[in-house]
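Participant: with the sequence up front, the predicted model follows.
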Protein chains: 4
Amino acid sequence: MVQVSADSQTSTRIAVVGATGYAGGEILRLLLDHPGVKSGELSIGSLMAGSSAGTPVSDAMPHLIALADRTIEALDLEKLAEHDVVFLGLPHGHSAEIAKQLPEGMVIIDCAADFRLRQQSDWDTFYGGDYAGAWPYGIPEMPGHREQIAQSARVAVPGCFPTGATLALWPAVQAGLIEPKVSVVSITGVSGGGKKASVGLLGAETMGSLKAYNTAGKHRHNPEIVQNLTEVGGEGVQLSFTPVLAPLPRGILTTATAPLAAGVDEATLRAAYEQAYADEAFVHLLAPGVQPQTQAVLGSNACHVQVEVDQRAGTVLLTSAIDNLCKGTAGAAVQCMNLCLGIEETAGLSIAGVAP
Amino acid sequence: MVQVSADSQTSTRIAVVGATGYAGGEILRLLLDHPGVKSGELSIGSLMAGSSAGTPVSDAMPHLIALADRTIEALDLEKLAEHDVVFLGLPHGHSAEIAKQLPEGMVIIDCAADFRLRQQSDWDTFYGGDYAGAWPYGIPEMPGHREQIAQSARVAVPGCFPTGATLALWPAVQAGLIEPKVSVVSITGVSGGGKKASVGLLGAETMGSLKAYNTAGKHRHNPEIVQNLTEVGGEGVQLSFTPVLAPLPRGILTTATAPLAAGVDEATLRAAYEQAYADEAFVHLLAPGVQPQTQAVLGSNACHVQVEVDQRAGTVLLTSAIDNLCKGTAGAAVQCMNLCLGIEETAGLSIAGVAP
Amino acid sequence: MVQVSADSQTSTRIAVVGATGYAGGEILRLLLDHPGVKSGELSIGSLMAGSSAGTPVSDAMPHLIALADRTIEALDLEKLAEHDVVFLGLPHGHSAEIAKQLPEGMVIIDCAADFRLRQQSDWDTFYGGDYAGAWPYGIPEMPGHREQIAQSARVAVPGCFPTGATLALWPAVQAGLIEPKVSVVSITGVSGGGKKASVGLLGAETMGSLKAYNTAGKHRHNPEIVQNLTEVGGEGVQLSFTPVLAPLPRGILTTATAPLAAGVDEATLRAAYEQAYADEAFVHLLAPGVQPQTQAVLGSNACHVQVEVDQRAGTVLLTSAIDNLCKGTAGAAVQCMNLCLGIEETAGLSIAGVAP
Amino acid sequence: MVQVSADSQTSTRIAVVGATGYAGGEILRLLLDHPGVKSGELSIGSLMAGSSAGTPVSDAMPHLIALADRTIEALDLEKLAEHDVVFLGLPHGHSAEIAKQLPEGMVIIDCAADFRLRQQSDWDTFYGGDYAGAWPYGIPEMPGHREQIAQSARVAVPGCFPTGATLALWPAVQAGLIEPKVSVVSITGVSGGGKKASVGLLGAETMGSLKAYNTAGKHRHNPEIVQNLTEVGGEGVQLSFTPVLAPLPRGILTTATAPLAAGVDEATLRAAYEQAYADEAFVHLLAPGVQPQTQAVLGSNACHVQVEVDQRAGTVLLTSAIDNLCKGTAGAAVQCMNLCLGIEETAGLSIAGVAP
């Protein structure tokens, strides 16, 4: 837990940079219904952005009526430094520069990739530019992570695909129940592409269509998934990762297959997941026979997981569903903020999906 | 405000009948995040239904993980009577029979049409069967309604289309700013059709398609809209109502056109809406030039409204967006429950939409 | 009919300018399956465009495999003049400049608004810039239009909304069966917004959402609809036109309401439409009780129409469904080309929709 | 080629059984635009079905306006026997009974699974009931199949998933370029679920959601895929097959991963596919870097294929896109009919997709 305010009578001030992007907007949606904000212990301070600076929130984010009278500000480091918590929702490569100019005690939750990778070689291969190092990595449900996050004033929020894939895979990898030659196909809603003008992400191009992209090792989330699985299972992970764009606004369904390790059966597999997630508020192993569906986690911070053995194929099928903008980004960001601030981890985060 | 519990130490027990329908499921989603339920002042009791009795909630409503261990019960009036609040989410025609067998002091919130119409002739024409009379009508934002609801233990939750149309129209009708010859086209998401097996509502039939239905006076929501407009504006309302089915899960966009009354300009019109909704938490007149969009109210209890004059046509365009399952049904139901129980009206109801 | 080739042994050469836009791409799709192209009487010549010049068709339009080896060329008037037929699928305001530099006998089918409006005042109000006059207007199903088109080497293809609205309305307006105070709500798929990068038309912004736009007289298709109705019914048309964006790739559902003229009943109304469309291949009055749905006309040149009287409201409801890119643009363009060339009007144009 | 008519002056009569299902409707859509039907050489005879017998086509299939005056008939074997070609589009298990009562020379194209499997053990495990044997299997693009089909009066149309998976995989399997331990994830539009009332396939349940189903070896298309790969590559195929339901009406995107065989590179892989599909009208290997998208094949009989090596993972990624109702069912059925009748194989089948 971090001391965010010397003056106990003032509320903890939160700023969002990149406020009009999809990550920023979702962080704000969650904060507006956060009990800390409702009680006044937390308060929403500056909303900053790049090209949309000067835009009224009523134009940029008409779904956030409670902020309709606000105006998006340009990035202002001095002003930012007056806050206790800063969420960074910028494109990759901007966070490092900003973070190093902010006070040390300040809680910084970065939703970009800048501080996720622990190997510079991965950074160089998949991103390039200056390597900024790694911060505690924001999947509290991975072994040891919750503690690291709670003791830090800095968190790197994971990528959306790595969140879905890691939560589906780590218990099996850690327990050695599969050979770590994993084929992951992750199907995502279009908000994963971000809120920038683009022909390829037009409604007319994406509705009624399915398409794989950044295939065969080209997607930047590859090293992040490998890093997570290696962390729990050791070297030797071989990952084939295929992201697919599907016609829905939000949601990621991850399907992971891998060879079953010798002598493992479904009961053993199931037991490993039951144990891994027994005390977790947000990750749920579904009842046998029920497959995760993204609709069931829409707008929530929940991750639904299922495990199955395909005896004939000698493989395991591990599936998960998350809301890419919530547990996949903004929800994880708020969950990590709660941990950093010593607030109840689940505050402001629903586990009930907006279905149907 | 109704006294729901003689014993202040026990929590107010809430039952849902028709729990697995879309209205029932949404009521439960809202209740699960309701601060009253979180604090224990309210508690979720029996979940009853017809054909789905005996089904585990984990199967019927996988988005409600917090209730996954519950099982849907068959309708049991005796057991129902042990609750303080009952939500009825049944098909039309069942609520009256149940309601009359329940204790008088119990809060009953009916989501069906059974108690909405004040004229038996309307009931006979559009529904048929025994007429059960009318209960206080659950649009707290209509003049005088909030008070009626708060003093009653019975509320008839409005239809989803009447909610959207009434909130778009009543201030203009009441103030005589339009001639009450209104053409309403209301475009709805497919959850409006309910959760029953049907070829016409299959995904394959509805995705990628637009279709009007129950046109030219055939839709059962006609008399309800006329009743509301007549209540504020007097006799003489002529309504053309055209519902359209569109390929989205949730949301209703209502467009209403009517001849501008003599001498009225957009400023006058706008002022009437500003005044009507100045103190309302859930109904928002958008900034000039911003049209309502259903995405901006998804999952929320908000209704976004816009008003415009078309000088060339001599008409007014009034538009509104709601989530048909939330402000259009379950959100209104919870809002009315809050009023009946003397809880803060907005408790458990967000005004931030799950966009994008 | 126009003589397109002095040399009967060579095929009629067709060029498309703006080939990579949605109109251009759909024209090419239709031409590829046109019996004239299959037999060699027609041939697809140059594909020109602005910013996409130099792009392989395999990249720009992967659905047109038969043209995959072609490359998009830059606009070249000299080369264009070597063709017999030119389709112009450019943004508004470019066609006039190009057309005046092309040979007189050449068939030019313009999909933009440049030559649609017969009143300069309408052009000045809604478009602006130089007024280029009007060409024969490409709705062959309007009285007298088929003949005008067949005798011309120039056709102005109508806007998509005016096509849907006019086909739904003109028989009633011409026969005086309604008072011409018409409220039209036209719900369109997102391809209507064109293939240009834009945040507002992103999949994430449009899926799961409904939104009216260019409301209250602001949409440029207003004067075109009024022009068509005035042409058949005389002065006095008052139009309220509300376009709505809905989450489907293609399709326009038009709902039009108007006061019923005195003494008119549904049989009279129905008879007028039966007569108007009895010999039309593409416009179909549906059986009583069946409402048009856009899915049923997807990819086809058909327009489905329905008429109904709402006795209680004293109004008429006229509805139509078209594919905005086909009968609403490219299909009409090919239909007009067929007429200009003296080919069978229906050649290359299906009336069977790609449903479901 | 089969002699379909003793009397050369009469046209070849085609019946469709199960005419109102999605397969039946799509067969009719294709036949209506088939040049043979347009010229009168082929004619559409009886349309038969089970529960929808007696329904006007205008109600059951409003997209088929040219057949609007027809009425669906009950199954009548005697009447059926008067046709030259019969398409069977019934649920699995009905075709065998019908087929054995029809004349031997008649062309029967079965869209169900009844005659697909060559091993009774597969039939018993995945379907059950009487095993009817196997007919020539309708993927003309597999080695030797075109010839078998053309010499037969019976064809078993493949399942939609096996078509997508087989066309993506067989060239690599046959040439031994991959180890046959294949993980296939096939994402399908909702029309794959058929046109029967069902809660799970409601628009409200499927829009905005992604869900795997019949996972881990349970889907009935498993043995069919294995049969096809074994046919070209010999024993030893191990298949993990995961079907996923996605919110689009039509389309299947198949992603297949497998370990790269020793010493194989992308050029070798690509060459195998170029050779396999060089002369095929419907199967297209896309340019390097372009991934298949379902929109590009919508309504067409095309299959787009891409191949890639993931060096880091040591795997191959093979992807394909088809329209499940067209190349996946009805298009293949018409293609096979063309072969059986000695008509040009591509007649009535477009390769241009209805995009966007």
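Facilitator: Cool, the structure landed. What you are looking at is a predicted structure, and each value in this text was computed from that prediction instead of being measured.
Participant: can you list the residues of chain A near chain C?
Facilitator: A:22, A:189-191, A:193, A:195-199, A:201-208, A:247-249 (Cβ under 8 Å from any Cβ of the partner chain). Backbone N, C-alpha and C define where each C-beta goes, glycine included.
Participant: run through the residues that contact A:Gly208.
Facilitator: A:247, B:207-208, C:248-249, D:248-251, D:294-295, D:298, D:356 (Cβ atoms under 8 Å, 6 or more residues apart in numbering or on different chains).
Participant: which among the residues of chain A next to chain C end up buried?
Facilitator: Buried residues within the residues of chain A next to chain C, counting neighbours by 16 or more other Cβ atoms under 10 Å in any protein chain shown: A:22, A:189-191, A:193, A:195, A:198, A:201-208, A:247-249.
Participant: now A:Pro288, nearest residue through space, not along the chain?
Facilitator: A:Arg270 (7.5 Å; Cβ to Cβ, 6 or more residues apart in numbering or on different chains).
Participant: now swap in A:Gly164 and tell me
Facilitator: That would be A:Thr254: by Cβ to Cβ, 6+ apart, it lies 3.9 Å from A:Gly164.
Participant: Provide the secondary structure category for that neighbour.
Facilitator: Taken by DSSP: H, G, I helix; E, B strand; the rest coil, the conformation at A:Thr254 corresponds to strand.
Participant: what is the neighbour count of it?
Facilitator: 32 (other Cβ atoms under 10 Å in any protein chain shown).
Participant: picking that back up, flag the least confident of the contacts of A:Gly208.
Facilitator: Checking pLDDT across these, the minimum falls on B:Gly208 at 94.
Participant: tell me which element that one falls in.
Facilitator: Using DSSP states H and E, B:Gly208 is not contained in any helix or strand.
Participant: ranges for the strands of the stretch 1-150 of chain A?
Facilitator: Applying DSSP state E, counting those that start in this stretch to the stretch 1-150 of chain A gives strands spanning A:12-17, A:42-49, A:73-74, A:85-88, A:107-110.
Participant: mind checking which of those is nearest chain B?
Facilitator: Closest of the strands of the stretch 1-150 of chain A to chain B is strand A:42-49, at 11.9 Å (criterion: Cβ to the nearest Cβ).
Participant: on that earlier part again, need the strands of the stretch 1-150 of chain A in JSON lines (columns: mean neighbour count, mean pLDDT and distance to chain D).
Facilitator: Listed next are these as JSON lines, based on neighbours: other Cβ atoms under 10 Å in any protein chain shown; pLDDT from 0 to 100; distance: least, Cβ to the nearest Cβ, whole Å:
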{"stretch": "strand A:12-17", "mean neighbour count": "25", "mean pLDDT": "98", "distance to chain D": "26"}
{"stretch": "strand A:42-49", "mean neighbour count": "22", "mean pLDDT": "98", "distance to chain D": "28"}
{"stretch": "strand A:73-74", "mean neighbour count": "15", "mean pLDDT": "98", "distance to chain D": "33"}
{"stretch": "strand A:85-88", "mean neighbour count": "26", "mean pLDDT": "98", "distance to chain D": "26"}
{"stretch": "strand A:107-110", "mean neighbour count": "26", "mean pLDDT": "98", "distance to chain D": "26"}
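Participant: helices or strands up against the longest helix along chain A?
Facilitator: In chain A, taking DSSP state H as the definition, the longest helix is helix A:160-174. If you count contacts as 3 or more Cβ pairs under 8 Å, 6 or more residues apart in numbering or on different chains; DSSP states H and E, helix A:160-174 packs onto strand A:181-188, helix A:222-233, strand A:238-245, strand A:252-259, helix A:266-277, strand A:303-310, strand A:315-322.
Participant: again, 6 Å this time
Facilitator: strand A:181-188, helix A:222-233, strand A:252-259, helix A:266-277, strand A:315-322 (3 or more Cβ pairs under 6 Å, 6 or more residues apart in numbering or on different chains; DSSP states H and E).
Participant: now the third one: how far from the chain's centre is it?
Facilitator: Relative to the chain's own centre, strand A:252-259 is displaced by 18 Å; criterion: Cα atoms, centre = their mean, to the nearest Å.
Participant: swap in the last one?
Facilitator: The chain centroid and the centroid of strand A:315-322 are separated by 18 Å under Cα atoms, centre = their mean.
Participant: the next helix or strand after that strand close to chain B?
Facilitator: With elements assigned by DSSP H and E, the helix or strand that comes after strand A:315-322 is helix A:331-341. No - using Cβ under 6 Å from any Cβ of the partner chain, we find that helix A:331-341 stays clear of chain B, coming within 11.7 Å at best.
Participant: which residues sit against helix A:331-341?
Facilitator: Outside of helix A:331-341, the residues within contact range by Cβ atoms under 6 Å, 6 or more residues apart in numbering or on different chains are A:2, A:27, A:30, A:87, A:107, A:109, A:111, A:138, A:149-150, A:155, A:157, A:301, A:345, A:347-349.
Participant: ok, now stretch A:241-253?
Facilitator: Contacts of stretch A:241-253 (Cβ under 6 Å, 6+ apart): A:160, A:164, A:184-189, A:191, A:206-207, A:210-215, A:219, A:222, A:294, A:321-325, B:356, C:204, C:207-208, D:208, D:210, D:246-248, D:255.
Participant: what's the ChimeraX line that selects buried ones from the residues you listed?
Facilitator: Remark: buried members of the contacts of stretch A:241-253, expressed as a ChimeraX selection using 16+ other Cβ under 10 Å:
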select /A:160,164,184,185,186,187,188,189,191,206,207,210,211,212,215,219,222,294,321,322,323,324,325 /B:356 /C:204,207,208 /D:208,210,246,247,248,255
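Participant: so how far is A:Ser46 from the nearest residue to A:Gln101 once chain neighbours are set aside?
Facilitator: If you skip the residues right next to it in sequence, A:Gln101 has A:Leu77 as its closest partner in space, 5.2 Å away by Cβ to Cβ, 6+ apart. Remark: distance between A:Leu77 and A:Ser46 (Cβ to Cβ, to the nearest Å) = 11 Å.
Participant: repeat for A:Val264
Facilitator: In terms of Cβ to Cβ, A:Val264 sits 52 Å off from A:Ser46.
Participant: what's the answer for A:Val107, then?
Facilitator: A:Val107 is 15 Å from A:Ser46, by Cβ to Cβ.
Participant: and for A:Pro288?
Facilitator: From A:Pro288 to A:Ser46 the distance is 49 Å (Cβ to Cβ).
Participant: same thing with A:Asn222?
Facilitator: 35 Å.
Participant: how about A:Gln306?
Facilitator: Distance from A:Gln306 to A:Ser46, by Cβ to Cβ: 42 Å.
Participant: what about stretch A:304-323, near chain D?
Facilitator: Yes - Stretch A:304-323 reaches chain D (Cβ under 6 Å from any Cβ) through A:308, A:310, A:312-313, A:315, A:317, A:319.
Participant: mean confidence for that stretch?
Facilitator: 97.
Participant: same thing with stretch A:154-172?
Facilitator: Computed over stretch A:154-172, the average pLDDT equals 98.
Participant: what do you get for stretch A:209-218?
Facilitator: 96.
Participant: for the stretch 101-250 of chain A, which residues are neighbours of chain B?
Facilitator: A:191, A:249.
Participant: quick one: name the residues of the stretch 101-250 of chain A near chain D.
Facilitator: Checking the stretch 101-250 of chain A against chain D by Cβ under 6 Å from any Cβ, the hits are A:183, A:185, A:187, A:204-205, A:208-212, A:215-217, A:238-240, A:242, A:246-248.
Participant: how many residues are close by A:Thr105?
Facilitator: Just to correct that, residue A:105 is Gly rather than Thr. 11.
Participant: ok, and the closest non-adjacent residue to it?
Facilitator: A:Ala153 (6.0 Å).
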